[in-house]
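Novice: Below are the sequence and a predicted model; questions follow.
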Amino acid sequence: MTAVLDISHLHVFFDVYHALDDVTLSVGRSESFGLVGESGSGKSTLLRAVAGLAPVSSGDITCDGEAITGAHRSRAFFRKVQMVFQDPYGSLHPRQTVDRQLLEPLAVHGIGDAEPRIRRALDEVGLGPSFRFRYPHQMSGGQRQRVAIARALILEPKILLLDEPTSALDASVQAEVLNLLEQVRRDHGLTFVMVSHDLGVVTHLCERLAVMQHGRVVETLTAADLASSRVRDDYTRHLMTASRGFSR
């Protein structure tokens, strides 16, 4: 496996709280990798540390051959790595049209040909040209999340960091957005690192996953292992039991 993201002995502190404790993992190129665990286990903090949104106290992150130190991220990094957040309404500017929000990353990175890129991005996420001049409040939650995905894709990244991308959506549209994500990963050969509390979502979308507890990785396994209950750690078994209980 050729790794596109390597994380080694990563520590994150918020004052005295040890949010990430010696996290080490590797994600292969074009792989879909999941992070699961209870609330407060460090899943989202890990994504934010990679993206430069959480302070790294110590440890190493290497992304597509680029060694990342502290809070520094190169402009090339932000073209290669994009993040889709849990709440699409919170991640979109409420007073900007879809067109403006898709144009902004292109302008920041000095990328021309905005018109065809915007049309292509909206088409890829199943939104027609009529959505270009709508505001976030004029769209449903699923449509807003599709815009957020389009904004991430418009820079043609290599890695998408997905922080619970469907948990804020109605159950009826969750499957549509998950199928969309699976399609764009196949079409573009993207690498996904996806946080989810839903083990069913992870086994559907991800090939491997790390189970996190108290800021540490307690187990790394394949989705097939999880689906077949071939797990080693008691905490993972408890998560599986809780997930089955919730789904009934």
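Specialist: Received the coordinates, thanks.
Novice: all helices of this protein, in order?
Specialist: Using DSSP state H, the helices of the chain run over residues 43-51, 75-80, 88-91, 98-108, 114-124, 141-153, 171-188, 199-205, 223-227, 234-247.
Novice: Mean neighbour count, distance to Arg134 and mean pLDDT added to those helices, as a markdown table?
Specialist: Heads up, the C-betas are built off the backbone N, CA and C, glycines and all. Shown next, in a markdown table, are the helices of the chain (neighbours: other C-beta atoms under 10 Å; distance: least, C-beta to C-beta, whole Å; pLDDT from 0 to 100):
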| stretch | mean neighbour count | distance to Arg134 | mean pLDDT |
| --- | --- | --- | --- |
| helix 43-51 | 23 | 27 | 95 |
| helix 75-80 | 16 | 26 | 91 |
| helix 88-91 | 18 | 13 | 84 |
| helix 98-108 | 17 | 6 | 95 |
| helix 114-124 | 16 | 11 | 94 |
| helix 141-153 | 23 | 8 | 95 |
| helix 171-188 | 15 | 17 | 91 |
| helix 199-205 | 20 | 28 | 88 |
| helix 223-227 | 17 | 36 | 91 |
| helix 234-247 | 14 | 35 | 79 |
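Novice: For the closest residue to His109 other than its chain neighbours, give me its contacts.
Specialist: Spatially, and ignoring its direct neighbours in sequence, His109 is nearest to Arg79 (6.0 Å; C-beta to C-beta, 6 or more residues apart in numbering). Arg79 sits next to His109, Leu155, Glu156, Pro157 when contact means C-beta atoms under 8 Å, 6 or more residues apart in numbering.
Novice: what comes up buried for stretch 56-75?
Specialist: Neighbour-count burial for stretch 56-75 flags Val56, Gly59, Ile61, Cys63, Asp64, Ile68, Arg73 (criterion: 16 or more other C-beta atoms under 10 Å).
Novice: can you list the residues you listed in a markdown table and add pLDDT and distance to Asp15?
Specialist: Formatted as a markdown table, those follow (pLDDT from 0 to 100; distance: C-beta to C-beta, whole Å):
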| residue | pLDDT | distance to Asp15 |
| --- | --- | --- |
| Val56 | 93 | 15 |
| Gly59 | 94 | 18 |
| Ile61 | 95 | 22 |
| Cys63 | 93 | 27 |
| Asp64 | 90 | 32 |
| Ile68 | 87 | 23 |
| Arg73 | 85 | 24 |
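Novice: nearest to Asp21, of those residues?
Specialist: The closest of those to Asp21 turns out to be Gly59 (C-beta to C-beta; 10.2 Å).
Novice: Just confirm the closest one contacts Ile7, I think it does.
Specialist: Yes - between Gly59 and Ile7 there is a contact under C-beta atoms under 8 Å: 7.2 Å.
Novice: Now do the shared contacts for these two.
Specialist: Val23.
Novice: Give me the most central residue, the chain.
Specialist: Leu162 (1.3 Å; C-alpha atoms, centre = their mean).
Novice: nearest residue to it other than its sequence neighbours?
Specialist: Met194 (4.1 Å).
Novice: how about the one you found, what does it touch?
Specialist: Per C-beta under 8 Å, 6+ apart, neighbours of Met194: Ser32, Phe33, Gly34, Leu35, Leu162, Pro165, Val202, Leu205, Cys206.
Novice: Mind doing that once more with 10 Å?
Specialist: 32-36, 43, 47, 84, 160-166, 178, 181, 201-202, 205-206, 209 (C-beta atoms under 10 Å, 6 or more residues apart in numbering).
Novice: same thing with Pro157?
Specialist: Phe77, Phe78, Arg79, Lys80, Val81, Gln82, Met83, His188, Leu190, Thr191.
Novice: Looking at the residues you listed, spot the one nearest Ser228.
Specialist: The closest of the contacts of Pro157 to Ser228 turns out to be Thr191 (C-beta to C-beta; 24.8 Å).
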